[in-house]
Every structure is written in structure tokens, then in C-alpha cells.
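> Dropping a prediction and its sequence here:
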Amino acid sequence: MDDVEQGPQSLSTARPGALKEQFRTVLRRNHYSRRTEKTYWYWIISFIRFHQNRHPLELHEQDVALFLSHLACNRDITANTQKLALNAVVFLYKRVLDRPLDKIPGIHFATAPRRLPTVFSHEDAMAVIDLLPNPHRLVASLMYGSGLRVTEACRIRLKDLDFSNSLVVVRDGKGGKDRTTLLPPSLREELLAMVRERGDQLRAIPREKRVPVVLPYALDRKYPQAATSVQWQWLFPSTGTCHDDRGRIVQYHLHVTAVQRQVRKALAALDLNYRASCHTFRHTFATELLKQGTDIRTVQELLGHSDLNTTQIYTHLIGQRYAGTVSPLSKSALPVREEMALWQVSTIRSPASRGTGFPGGVPGLVAG
């Protein structure tokens, strides 16, 4: 997002402190994620700076169109990024300033070419995982074996592992949705040992001396003991502590960037001939299930997709949409020669071929 003109740093005209506080209050009242809050605010500030720090209430639909067209035509951003900027500005006017925008005139959207996701082969996926140190190896194993996003894997709590049913419960995933997915049998014993070890370590510390973990929403006020209980602990905790919004010392989960950094190192060491990332494990999970013949509706549910069309993109990667069609270049010449030999033997024995000099009779005539 560094390709947007930043402009002057002074925002006195736009009163960023009051506007940001109002914006933050609306998002948190509606339980938007912190990542959405950060991303939306980035594009709102970019919009304000593009218009020389004028307050959004002084701007109109044509100013929004000018900003979006600038992003597409002058900054060469992708269509999805441009739509994200539009969503942020629309949210600002509709939900924060209570002045919904009318139809935006003359907007030029960036075109969105259709792209297929990159997937690992099973061998490449395991090779990457084998190069990772712990706990990053287990995080990547869950991304591949359970189809988790990297944020979902890092935010697993001890209570989210259902060993009796071999399930992983994903809480507050993309779109704020919960879902369940597969717990790989090959990880069961290792994860079970981790849970027992974490529980024993925590129980050895008096409750009043334990460092609390971050809880969602107001659960720490509703259940004061939950933040120091075993079941709410992170499966992959951070190595240090930090302060939360209220100034308390708390423990967060392993940071997403730490996993991404280790995966990049492993990919560089393998020197694969295609670009990959943490999300490639999730793509590979879906394609491997479809190769095994798993119903696409089941794959959709495991991935947490709202739209089946999102899941169907993986069928393009495994060739299911072509219904077994074989390229003519891949046809072997041997079966054709064998078929011709069998045809010649059968036609020589045919009465129609006698006295003609042609196997099977005169070409173009049907034996009668």
C-alpha cells in the first residue's frame, strides 16, 4: 500500500483525532476485526490526503470518483485493492458520518484478470514443512492438514482442539464466522502432548501470578478467571508479553509475520520454480481433497467459503472440468498400429477381399 501519495502529514483541517475516534467507535461497536479497522483507516487517510486534507464532509461523490480513478489510472493498483478503498470510503460516509453517498459518477475501475491459485505438490508441501523449526512447523502442518489461514492457525486456543471427534474449531474466522475442520490424525498425539504440557505448566503457577491472555470482546469482565484458565490459553503463544488497550500486561498468540518469515526462508532454501506463501498450504489442502474425490460441498464447508464459486476455482487446477479429455499429443501411436493390424487380419479373412487386391474389398464398396 506504499504506492499511494501520502502528501503532507498535517491533518489539522480534517481533525483526524476526532474523526479517527468516531470511526474506531463505530467499527468496534459492530465487532469489526482490528485488521479491517487498520486497513479501512489507511484508505480513509489516503482519501483525505489526496484532497489536500479537506474534511470528508466537504467532499462529494465526484471527489470520491476522482480518488478512485487516480488509484486505477495513476497508481496501477489491482481491482481488489481499488474495491477495498471504495468500501472504506463508503463505510466512512454511511456508517461514521451518516451521509450515505449517491451513485458515484464516471468512476474507472481497474480490471480484474482471472487468476488461478498456486498449489504445492504433496512432496513440496512436506519438504517446506520439514525445513521449519517448531512451533512454525506445527502451524504450517495445520495450514496444510486442516486448510487453515495463517491467522486462524496462530489463534488456536487449547479449547479449540476436539480430539474425541478429530476436529479443529475455528473461532471468529474471516467474516466473523465459526466453523470446524479436520484435525490431521498424524498430528493428534503431538498436539495432545502439547496441550497436556501447557496445562501442567500453567497449573504449577499460582493463579494470581499467571499472565492473562487476551480474550475477545468483554469476556474478561464477564468471566474474570477465564484469561488465566487452561482452556483459554493459546496453542502457539508469543515468546513475550505486551500491553493491551487498557494498559494491562497480557500474552498474545504467535505473530503471523513470524510464521510467514520462516516459510519464506524455507521456500528460498528449496528454490522452487514457482512463487508460494503460507496461503499456498490452504490452496493445496483443497486441491488434494478434490483429487481424493471429496465432494465439493464438503470442501466448501471445511474452507469456510460462503460462495461455492470460490471453491470451484480449485477444480480448474486438477482438470475435473474437462471430464477426462486427453490432449491429442498424448495419444500413443502404438495402440493405433495395433488396431490397424487387427483390422487387416480381420479383413483378409473377409470374402469381400478375395480377388480385389485390397483387404476388405474395393475401397468405398460395402460387402454385400
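Arrived safely, thanks for sending.

> Next, the contact list for R137, please.
Applying CB atoms under 8 Å, 6 or more residues apart in numbering to R137 gives the contacts 129-130. Quick note: C-beta positions are derived from backbone N, CA and C, even for glycine.

> Okay, and it sits in which element?
Assigned by DSSP states H and E, R137 belongs to helix 136-146.

> The next helix-or-strand element following that helix: how far from the chain's middle?
Beyond helix 136-146 in the direction of the C-terminus, DSSP H and E gives the next helix or strand as helix 150-154. How far helix 150-154 lies from its chain's middle: 10 Å, per CA atoms, centre = their mean, to the nearest Å.

> what does the helix or strand that helix 150-154 is followed by contact?
The helix or strand immediately downstream of helix 150-154 is strand 161-162, counting by DSSP H and E. With contact meaning CB under 8 Å, 6+ apart, strand 161-162 is reached by 168-169, 180, 183, 191, 195, 235.

> run the last query once more with 7 Å
168-169, 183, 191, 195 (CB atoms under 7 Å, 6 or more residues apart in numbering).

> what's the model's confidence in it, averaged?
For strand 161-162, the mean pLDDT works out to 96.

> What is the least confident helix or strand in the protein?
helix 333-348 (a mean of 54; mean pLDDT, DSSP states H and E).

> Name the nearest residue to Q225, sequence neighbours excluded.
The shortest distance from Q225 to any non-neighbouring residue, by CB to CB, 6 or more residues apart in numbering, is to R207 (7.4 Å).

> tally of neighbours for the one you found?
R207 has 10 neighbours, counted by other CB atoms under 10 Å.

> For H253, see how far away it is.
21 Å (CB to CB, to the nearest Å).

> do the same with D160
12 Å.

> Buried ones in stretch 97-107, by neighbour count?
Residues of stretch 97-107 classed as buried: 97, 101, 104, 107 (neighbour count, 16 or more other CB atoms under 10 Å).

> pLDDT check: weakest of the residues you listed?
Scoring the buried residues of stretch 97-107 by pLDDT puts I107 last, at 71.

> I figured that residue hits L68, correct?
Yes: with contacts counted by CB atoms under 7 Å, I107 reaches L68, the gap being 5.3 Å.

> Any idea how far stretch 144-160 is from the middle of the chain?
The chain centre lies 12 Å from the centre of stretch 144-160; the measure is CA atoms, centre = their mean.

> how far does it stretch from start to finish?
Terminal residues of stretch 144-160 are spaced 17 Å apart (CA to CA, to the nearest Å).

> what do you get for stretch 246-261?
30 Å.

> any idea how far it is from the chain center?
Mean-position distance between stretch 246-261 and its chain equals 20 Å (CA atoms, centre = their mean).

> And D295, how far from V119?
According to CB to CB, D295 and V119 sit 19 Å apart.

> Show me which of these two is the more surrounded one.
Neighbour count, other CB under 10 Å: between D295 and V119, V119 has more, with 22 against 10.

> Which pLDDT value belongs to that one?
94.

> Would you list the phi and psi of it?
With angles defined as degrees, to the nearest 10, V119 sits at phi -130, psi 150.

> if we can go back for a sec, can you list the buried residues of stretch 97-107 in a markdown table and add distance to N80?
Output for the buried residues of stretch 97-107, formatted as a markdown table (distance: CB to CB, whole Å):
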| residue | distance to N80 |
| --- | --- |
| L97 | 25 |
| L101 | 20 |
| I104 | 18 |
| I107 | 15 |
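
> Closest to P216 out of those residues?
Comparing these against P216 with CB to CB places L97 closest, at 28.0 Å.

> wait, isn't the closest one in contact with L57?
Yes: between L97 and L57 there is a contact at 6.2 Å, judged by CB under 7 Å.

> can you pull the pLDDT of Q233?
The model's pLDDT for Q233 equals 95.

> thought it was touching R198?
Yes: contact criterion CB under 7 Å: Q233 and R198 qualify, at 5.9 Å.

> list the residues that contact both of these two?
L158.

> how deep is L59 tucked in, by neighbour count?
Neighbour tally, L59, other CB under 10 Å: 19.

> what's the spacing between it and Y93?
9 Å.

> now, which of the contacts of strand 161-162 lie within helices?
Under the assignment DSSP state H, the contacts of strand 161-162 contribute 191, 195 to helices.

> which parts of stretch 175-183 are buried?
So stretch 175-183, judged by 16+ other CB under 10 Å, has buried residues 179-183.

> ok now that stretch, how far from the chain's centre?
Distance, stretch centre to chain centre, for stretch 175-183: 13 Å (CA atoms, centre = their mean).

> Then stretch 219-237?
For stretch 219-237, the distance to the chain centre is 27 Å (CA atoms, centre = their mean).

> just the CA coordinates of it, formatted as CSV?
Taking C-alpha atoms only, stretch 219-237 is exported to CSV below (Å, rounded to 0.1, in the frame of the first residue of the first chain):
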residue,chain,number,x,y,z
LEU,A,219,-15.4,-11.9,28.2
ASP,A,220,-12.7,-10.9,30.7
ARG,A,221,-15.3,-8.8,32.6
LYS,A,222,-18.0,-11.5,32.3
TYR,A,223,-15.6,-14.3,33.3
PRO,A,224,-12.8,-12.8,35.3
GLN,A,225,-11.0,-16.1,35.7
ALA,A,226,-11.1,-17.1,32.1
ALA,A,227,-7.9,-15.2,31.0
THR,A,228,-5.8,-17.3,33.3
SER,A,229,-7.6,-20.6,32.9
VAL,A,230,-6.1,-23.5,30.9
GLN,A,231,-8.7,-23.8,28.2
TRP,A,232,-8.3,-20.2,27.0
GLN,A,233,-4.6,-20.4,26.6
TRP,A,234,-3.0,-20.1,23.1
LEU,A,235,-1.8,-23.2,21.5
PHE,A,236,1.0,-21.1,20.0
PRO,A,237,1.7,-18.3,22.5
